[in-house]
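J.: Prediction below, plus the sequence it came from.
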Amino acid sequence: MVASTLEGVRFPRLGSGVVSAFDPKRTLERADILVPMKRLSLLLMLALGGCAGAKNTFQVQDPRGLVRNATVRLCGSETPLVREGNALTLTRSITCEGDGEIQLIYKDGGPEHCPIGYVTTDAKQDWRFRAEQSSCQPLT
């Protein structure tokens, strides 16, 4: 193979006499940059997955069917709980640090508030309550 030079840079001469600085086969075989890029992609996925935080469960037991709906209020947002038999439940990641509440709306229209203590993104916590006629009792 004959090579030509241009200002000290050697370029291989292809069979047709055309000089090219880019040989796709050699470039892909010697793509040493792909290894660090793969590692970077893996680290980025792990880091973003870590942002989700631990899953926390919020549950209100409603054995007498007193509650029409329930909403978790945390981090400036509201998320409804889903009724599953005699309980209203929600499992979600915590994206803030602070406290909040579960707001209950009874079938007779009256509201009730179940206070949620301090939450943090790193801790997995389960918050369980029982809906009573005129209160929200924490369960331990």
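T.: That came through, no problem.
J.: hey, what's residue 69 bridged with?
T.: residue 105 (DSSP bridges).
J.: pLDDT score for residue 68?
T.: Residue 68 carries a pLDDT score of 95 in this model.
J.: My read is that it contacts residue 107, right?
T.: Yes - applying C-beta atoms under 8 Å, one finds residue 68 in contact with residue 107, separated by 4.8 Å. No exception for glycine: its C-beta is placed from N, CA and C like everyone else's.
J.: more neighbours, the two?
T.: Between residue 68 and residue 107, counted using other C-beta atoms under 10 Å, the more crowded position is residue 68 (15 against 10).
J.: For the more buried one, give me its contacts.
T.: When contacts are counted by C-beta atoms under 8 Å, 6 or more residues apart in numbering, residue 68 touches 105-107.
J.: Return the closest of the residues you listed with respect to residue 120.
T.: The shortest approach to residue 120 among the contacts of residue 68 belongs to residue 105, at 27.9 Å (C-beta to C-beta).
J.: Could you pull up the residues touching the closest one?
T.: By C-beta under 8 Å, 6+ apart, the neighbours of residue 105 are 67-70, 111.
J.: tally of neighbours for residue 112?
T.: Residue 112 has 21 nearby residues by other C-beta under 10 Å.
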